[in-house]
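[1] got a predicted structure plus its sequence, pasted below:
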Amino acid sequence: MTDHDVVIVGSRLAGTTAASALARKGRDVVVLDRARFPSDTLSTHVLFGGGIEEIRRMGAFERIAALDPSFLREVELHFGPDVKVHERWGANGRSDYVLCVPRPEQDAVLVDVARGHGADVREGCELLDVLWRAGRAAGVRYRDPDGDVRELRAKLVIGADGRRSTVAARVGAWRPYRASRNGRGLVFRYLDDPQAGTRLNETLSQWRDGTSICMVFPSAPRPRAVALVMGPAADVHRARRDPDGAWAEFLRRHPGFAERIAGATNVGKLRSTADTTAYFRPSSGPGWALAGDAGHFKDPIIGQGQRDALWMGRTLGEAAEPVLDDPAALDAALRRWEQERDQECLSAYHFANNETRIQPQSPVLVEIARRAQGRHDPDLGDMFARIRDQQEVLTLPRLMGGAARAIARHPGHARDVLRSALPDLRTDLAIRAEIRRGRFRSTRPIAGSEHPGWTWPATPRRPTVDACAPTPAATAAASGPGGPTTPVPGADIPATSAATPSPTPEQVPA
Ligand SMILES: Cc1cc2nc3c(=O)[nH]c(=O)nc-3n(C[C@H](O)[C@H](O)[C@H](O)COP(=O)(O)OP(=O)(O)OC[C@H]3O[C@@H](n4cnc5c(N)ncnc54)[C@H](O)[C@@H]3O)c2cc1C
């Protein structure tokens, strides 16, 4: 058992930014990851301006830029065949472009930079359990690369270990208190961009045809690009059964997309997922916190996960560092941080839920886009760059104007337009009210945004004692949720109270 200030599980976006924020202030931080870097993960990797600013703050920008990505300075949004919005990206700090670097290379840089700030990043190390003392998370037990079981004691345990977070499971926060069952699947592949060297190679392009959305974004190293289709989840199953047939159908469905990638060479295999349930988990408690996807996930359709994970890691590290040595102040700071996180992410969460509805584009949005055509200035793109949130870009007067123009354009279908526009407006008003109210861990679903019917896997079981081969001290300290409850002589105070599930949503005062 060695003593440290903070132990972080997960060493990608949230883990490395939290580690950097803490280690830069001289804190003793250990980061564990079961992966060895460079390591891949199932994710595309558009990084919008807000995320690039986080990379800069972390001091990783020069290293990422050295990986030779395309700098995407423009965005094209196609709404069907006759509406095309073409904008420059607005500036978020010094970044008025989008970057796209595959995860193995990007995340390896983040690990290196965190190490440079003084964090002790241990690869090939798998978390087994959270250790408890007097009702507080007090450290971890993990398996090292040689298969030996080791323990670390720390004032704070951070779970930055992604959607299937073992930390969340061990602290009793596995099941989200709020979630949305989203309906899209993602199918993507890498290819050599036939438009390398042209303006399109500096443009993020999106096509919205029928009920699906697809995108092309140049990546790194040049001339690689990603071609991505986000259609109904059934597309994923079809793509797995018959990759060539499914891809041919995507190209038929999206002629603009097909034209953009025509002639591509070095075309990679299809990768896909239909597992995109969005959620919020309780993300703070005595001596622990969850950052990045471990605590909150939103559908990747709007490409905000990386930015939010970077933001969460940094802000969590900054909030915890000054009070690490005072447990009560630390717990209060963690809870304030969780509330701030929710405020930061709520609008994007609803925005993503909305985009996952399997239905034709809203006629109101199409009219707003139609009016935005021909202007080259940053506007709709600000929602992605996180310069303004959706409610600031799509203001109520703008939505009303869009609805009026949609009715005027389809006078014979006014009733149909209203039938889709009125519920959307009600949803929008409910989202605005929720953001304004700022309730902590609100469980009130927003009809029209949060899709019901989500299910959740059972809490992953703790490895058996034999599999972990824990030391006697480890057994004594492991009295967290579901852990041993019998006091062991000479052990730390058995912390059966920590087995209490996280506070009930909305019962916890902000
Ligand atoms: C298909 C798809 C496409 C996406 N596309 C985009 C996009 O284009 N742009 C964007 O911004 N976001 C995108 N996202 C979201 C983005 O991938 C995530 O939000 C982001 O990776 C979250 O980072 P993180 O650091 O929180 O967790 P992760 O990246 O999930 O990292 C968690 C780490 O924890 C480690 N770990 C887990 N369990 C343990 C354990 N028990 N012991 C030790 N280590 C452990 C893992 O090895 C992993 O390295 C996409 C997501 C998906 C699923």
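    Happy to help now that I have it. Source: prediction; values computed, not measured.

[2] so who does residue 8 touch?
    15, 18, 19, 29, 30, 31, 32, 119, 157, 158, 160 (C-beta atoms under 8 Å, 6 or more residues apart in numbering). In this view, the C-beta of every residue, glycine as well, is placed from N, C-alpha and C.

[3] so in the chain, where's the weakest helix or strand by average pLDDT?
    Using mean pLDDT, DSSP states H and E, helix 472-477 stands out as the lowest-scoring helix or strand of the chain, at a mean of 39.

[4] point me to the residue of the stretch 351-500 of the chain nearest the ligand.
    residue 460 (9.0 Å; C-beta to the nearest ligand atom).

[5] tell me the residues on the stretch 201-350 of the chain that lie near the ligand, please.
    The stretch 201-350 of the chain comes close to the ligand at residues 273, 292, 293, 294, 300, 303, 304, 305, 306, 307, 309, as judged by C-beta under 6 Å from any ligand atom.

[6] could you pull out the helices in the stretch 101-250 of the chain for me?
    Using DSSP state H, counting those that start in this stretch, the helices of the stretch 101-250 of the chain run over 103-116, 166-170, 234-241, 243-253.

[7] buried deepest among those helices, which one?
    helix 166-170 (a mean of 27; mean count of other C-beta atoms under 10 Å).

[8] please see if it touches the ligand.
    Yes: counting by C-beta under 6 Å from any ligand atom, the ligand has neighbours in helix 166-170: residue 166.

[9] please report the distance of residue 144 from the ligand.
    To the ligand, residue 144 is 11 Å away according to C-beta to the nearest ligand atom, to the nearest Å.

[10] my guess is that residue contacts residue 123, does it?
    No: taking contacts as C-beta atoms under 8 Å, residue 144 lies outside contact range of residue 123: 10.1 Å.

[11] so what's the closest residue to residue 303 other than its chain neighbours up against?
    Spatial nearest neighbour of residue 303, chain neighbours left out: residue 46 (4.2 Å); criterion: C-beta to C-beta, 6 or more residues apart in numbering. Residues in contact with residue 46 (C-beta under 8 Å, 6+ apart) are 98, 100, 204, 217, 303, 306.

[12] kindly report the same for residue 399.
    Neighbour list for residue 399: 364, 368, 424, 425, 428 [criterion: C-beta under 8 Å, 6+ apart].

[13] okay, and which of these map to helices?
    Members of the contacts of residue 399 lying in helices (criterion: DSSP state H): 364, 368, 424, 425, 428.

[14] once you drop chain neighbours, what's closest to the last one?
    Distance criterion C-beta to C-beta, 6+ apart; nearest residue to residue 428, sequence neighbours excluded, is residue 399 at 6.6 Å.

[15] so the one you found belongs to a helix, correct?
    Yes: counting by DSSP: H, G, I helix; E, B strand; the rest coil, residue 399 is part of a helix.

[16] can you give me the domain assignment for this protein?
    According to automatic domain parsing, the chain is divided into the following domains: 2-41+103-174+277-307+320-326+463-499, 184-273.

[17] just the ones you listed: most buried one?
    Among those, highest average neighbours (mean count of other C-beta under 10 Å) belong to domain 2-41+103-174+277-307+320-326+463-499, with a mean of 22.

[18] ok, how many other residues are close to residue 352?
    26 (other C-beta atoms under 10 Å).

[19] contacting residues for it?
    Under the criterion of C-beta under 8 Å, 6+ apart, the neighbours of residue 352 are 182, 278, 298, 299, 300, 301, 302, 304.

[20] export the contacts of residue 399 to TSV and tack on neighbour count, distance to the ligand and pLDDT?
    Below are these laid out as TSV (neighbours: other C-beta atoms under 10 Å; distance: C-beta to the nearest ligand atom, whole Å; pLDDT from 0 to 100):
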residue	neighbour count	distance to the ligand	pLDDT
364	24	26	95
368	24	24	97
424	18	25	95
425	17	29	96
428	20	24	97
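
[21] with pLDDT added, can I get the contacts of residue 352 in a markdown table?
    A markdown table is the format used below for the contacts of residue 352 (pLDDT from 0 to 100):
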| residue | pLDDT |
| --- | --- |
| 182 | 88 |
| 278 | 98 |
| 298 | 97 |
| 299 | 96 |
| 300 | 95 |
| 301 | 95 |
| 302 | 96 |
| 304 | 97 |
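
[22] out of those residues, which is nearest to the ligand?
    residue 300 (3.4 Å).

[23] is it true that that closest one touches residue 163?
    No: at 11.2 Å, residue 300 does not count as touching residue 163 under the criterion of C-beta under 8 Å.

[24] give me the nearest residue to residue 426, chain neighbours excluded.
    residue 448 (6.7 Å).

[25] gap between that neighbour and residue 289?
    From residue 448 across to residue 289, the span is 31 Å (C-beta to C-beta, to the nearest Å).

[26] can you name the residues bridging to the closest residue to residue 213 other than its chain neighbours?
    Using C-beta to C-beta, 6+ apart and skipping the chain neighbours, the partner closest in space to residue 213 is residue 230 (4.8 Å). Counting by DSSP bridges, residue 230 forms beta bridges with residue 186, residue 213.

[27] related to what we said a few turns ago, and of the contacts of residue 46, the nearest to residue 248?
    residue 217 (21.7 Å; C-beta to C-beta).
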